[in-house]
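In: Turn this into a model:
(2 chains)
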Amino acid sequence: MIKDITIGQYLPGDSVVHRLDPRIKIILSTIYVIDLFLINSFLGYLYVAIFTALVILISKIPFKYIFKSLKPILWILIFTGVLNAFLTPGNVVAKVGPFSVTDKGLYLAAFMVIRIIFLIVGTSVLTLTTSPIALTDGIELLLNPFKKIGVPAHELAMMMTIALRFIPTLIDETDKIIKAQKARGADFESGNIINRAKNLIPILVPLFINSFRRADELALAMEARCYRGGEGRTRMKQFNINKNDYLALTVMLLFVVISILSRR
Amino acid sequence: MPIKIKNLTFKYMTGTPFEKTALDNVSLEINDGEFIGLIGHTGSGKSTLIQHLNGLLKPTSGEIYIDDVCITAKGVDLKKIRQLVGLVFQYPEHQLFEETVYKDVAYGPRNLGLDEKEIEERVKKALEVVGINYEKYKDKSPFDLSGGQKRRVAIAGVLAMQPKVLILDEPTAGLDPKGRDEILYNIKRLHEEYKITVILVSHSMDDVAELADRLIVMYKGKNILQGTPKEVFKNVETLEKIGLAVPQVKYLVNSLNRKGFNINEDIITVSEARDAILKILRGEEK
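Out: Residues are numbered from 1 along each chain as shown, chains lettered A, B, ... in the order given. As a prediction, the model looks like this:
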């Protein structure tokens, strides 16, 4: 049950998209997101749709996974759509009780919903094709130039790596503790909200205690291997920007130009 | 409380690329009052199997009957099953959470909805069985105890539910020899005095040889061998091939025999070996 949660939701693969340099992928995703907000016509979004679909096809991610990533934001989508449709002033097209739907509202609602969908789909492609470790490495390298102005790039990346590394461990641990307390007759599925909150104590207390213990052990283990921060640290996997990365960047820029030309 | 397992199959994460068969058509019967040793290397399906026995996991296919009640059917009272089948997980001390030993052991009985007096009695008895002094420790924080004591308190937490079947997943892992012996002694006593059915998951061939009436060997989700320890430990090659071993004293007996002694090959425990060797030595002296 709890094991089904996929955070970071990386889907291992060997497509061109998977092999791109994570730095480039992060930059490309950022450009893509900015572009989404620059576009203001349906024709532009048609281009986006085609482009995104092509990227997904190349990355060989089953569309099922893309749709799965949209599921958690379904309510946000509905909410955004409805609010925009009702609350934008303009020519009234329909009335629901005291509320009225306007033409501009519908237009805006459609825009917003499409934007959010592509926002999620686009960033999902990034996380689905990039392992969390590569992603943090990429962020660290991208942040490196900002070290001079006091951004602790390495420390941030290390914290992210450790946090990501322990997500599955913590999920397993939670699963185990829930089962152990269930074996002692605990019931987490019924009762009112206060009782349910109370029932969490037997899970949370052991979880916290074990996490502190684990953090302590990890710190010791890192020190025992002479870890002392990012200064002068080399990395096992060197990233190289190669032909494919330049190609991807070019394609993306081309796409941005085309989509901006569609602006009205 | 006989347990019957029929064609049990369990798959993790069905329908995803990560699908994995953890149990593959396992059929078993466990009789009333038996002491079962469940052995197999890491990942062989032991832990998955025992989690089915109190309904924590639902099988992908197959059935489990406890006392002729099918616990894999829909709408069974899982709380009742979990009271009858007590499950002690690996490192159970990691699940302690209350402020005092008393409260922690009382958690199970309280979930069963018993009254205070009954709860107190059960806590007392459970702590007594695991050899923890009730008066001295009941108001202490479980986190102030030693590793072995913590584990015994955690086991008492399951015993306080007064199960008819007790399943323990590597109860001695990570303990010092003294703590290990105390736990095993407690388990043995429980089985002998209270006639509880015990299923002991263990990596120590010596322990299961000493304690179990019957061994069940798991390999890649299948139950590949079962029988009395003497029968099972005859299959030295098979056991070694699947990452297990036979009790150390059996290796001793084998090498003695290779050097020309004639000791019974059935020997699997230290005390049997001692007797047999002494007999030969004395016989030779005469």
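
In: quick one: residue B:207 and residue A:82, what's the gap?
Out: Remark: distance between residue B:207 and residue A:82 (CB to CB, to the nearest Å) = 65 Å. To be clear about C-beta, it is placed using only N, CA and C from the backbone, and glycine gets the same treatment.

In: Between those two, which has more neighbouring residues?
Out: residue B:207 (19 against 15; other CB atoms under 10 Å in any protein chain shown).

In: tell me which element that one falls in.
Out: Residue B:207 belongs to helix B:205-211 when assigned by DSSP states H and E.

In: That helix - contacts with which helices or strands?
Out: Counting contacts by 3 or more CB pairs under 8 Å, 6 or more residues apart in numbering or on different chains; DSSP states H and E, helix B:205-211 packs against strand B:35-39, helix B:177-194, strand B:197-201, helix B:248-258.

In: what about the longest helix in chain A?
Out: Ranked by residue count and defined by DSSP state H, the top helix of chain A is helix A:153-183.

In: That one - contacts with which helices or strands?
Out: Using 3+ CB pairs under 8 Å, 6+ apart: helix A:153-183 touches helix A:132-143, helix A:201-224, strand B:85-88.

In: Give me the contact list for the second one.
Out: Under the criterion CB atoms under 8 Å, 6 or more residues apart in numbering or on different chains, residues A:162, A:166, A:169-170, A:173-174, A:177-178, A:181, A:186, B:94-97, B:107, B:143 lie in contact with helix A:201-224.

In: Follow the chain on from the longest helix of chain A and name the next helix or strand.
Out: Per DSSP H and E, the first helix or strand lying C-terminal to helix A:153-183 is helix A:193-199.

In: Buried residues in that following helix, which are they?
Out: The neighbour-count criterion (16 or more other CB atoms under 10 Å in any protein chain shown) identifies residue A:199 as the buried residues of helix A:193-199.

In: related to what we said a few turns ago, measure how the longest helix of chain A sits relative to helix A:201-224, angle-wise.
Out: Computed by axes from the mean of the first three to the mean of the last three CA atoms, to 10 degrees, the angle separating helix A:153-183 from helix A:201-224 equals 140 degrees.

In: how big is the angle separating helix A:153-183 from helix A:132-143?
Out: 150 degrees.

In: average pLDDT across helix A:153-183?
Out: Across helix A:153-183, pLDDT averages out at 88.

In: still on that earlier bit, between the helices and strands packed on helix B:205-211, which one is nearest to chain A?
Out: When those are compared by CB to the nearest CB, strand B:197-201 sits nearest chain A, at 13.4 Å.

In: Quick check on residue A:152: phi, psi?
Out: phi -80, psi 70 (degrees, to the nearest 10).

In: helices or strands up against whichever strand or helix holds residue B:106?
Out: Element membership for residue B:106, per DSSP H and E: helix B:101-111. If contacts are counted by 3+ CB pairs under 8 Å, 6+ apart, helix B:101-111 sits against helix B:116-129, helix B:147-159.

In: Say whether chain A is contacted by the first one.
Out: No - if you take CB under 8 Å from any CB of the partner chain as the test, helix B:116-129 misses chain A, and the best it gets is 11.7 Å.

In: got the buried residues for that helix?
Out: Along helix B:116-129, these residues count as buried under the neighbour rule (16+ other CB under 10 Å): B:119, B:120, B:122, B:123, B:124, B:126, B:127, B:129.

In: Contacts for the helix holding residue B:106, please.
Out: Surrounding helix B:101-111, the residues in contact under the criterion CB under 8 Å, 6+ apart are A:181, A:184-187, A:202, B:79, B:96-98, B:118-120, B:122-123, B:126-127, B:132, B:137-142, B:145, B:153-154, B:156-158, B:160-161.

In: quick one, that helix and helix A:201-224 angle?
Out: Using the same axes, to 10 degrees, one finds that helix B:101-111 and helix A:201-224 are set 130 degrees apart in direction.

In: And the residue of chain A closest to chain B?
Out: At 3.3 Å from chain B, residue A:185 is the closest residue in chain A, using CB to the nearest CB.

In: low-scoring stretches of the chain, by residue?
Out: Defaulting to chain A. Filtered on pLDDT under 70, chain A yields the residue ranges A:1-8.

In: meant chain B, my bad for not saying
Out: For chain B (pLDDT under 70), the answer is B:284-286.

In: How about the residues of it by chain A?
Out: Counting by CB under 8 Å from any CB, the residues of chain B near chain A are B:12-13, B:51, B:54, B:56, B:79, B:82-83, B:86-89, B:92, B:94-97, B:107-108, B:111-112, B:143, B:157-158, B:161.

In: So among the residues you listed, which ones count as buried?
Out: B:51, B:54, B:56, B:79, B:82-83, B:86-89, B:92, B:94-97, B:107-108, B:111-112, B:157-158, B:161.

In: quick one: contacts for residue B:216?
Out: By CB under 8 Å, 6+ apart, the neighbours of residue B:216 are B:28, B:36, B:37, B:38, B:39, B:223, B:225, B:226.
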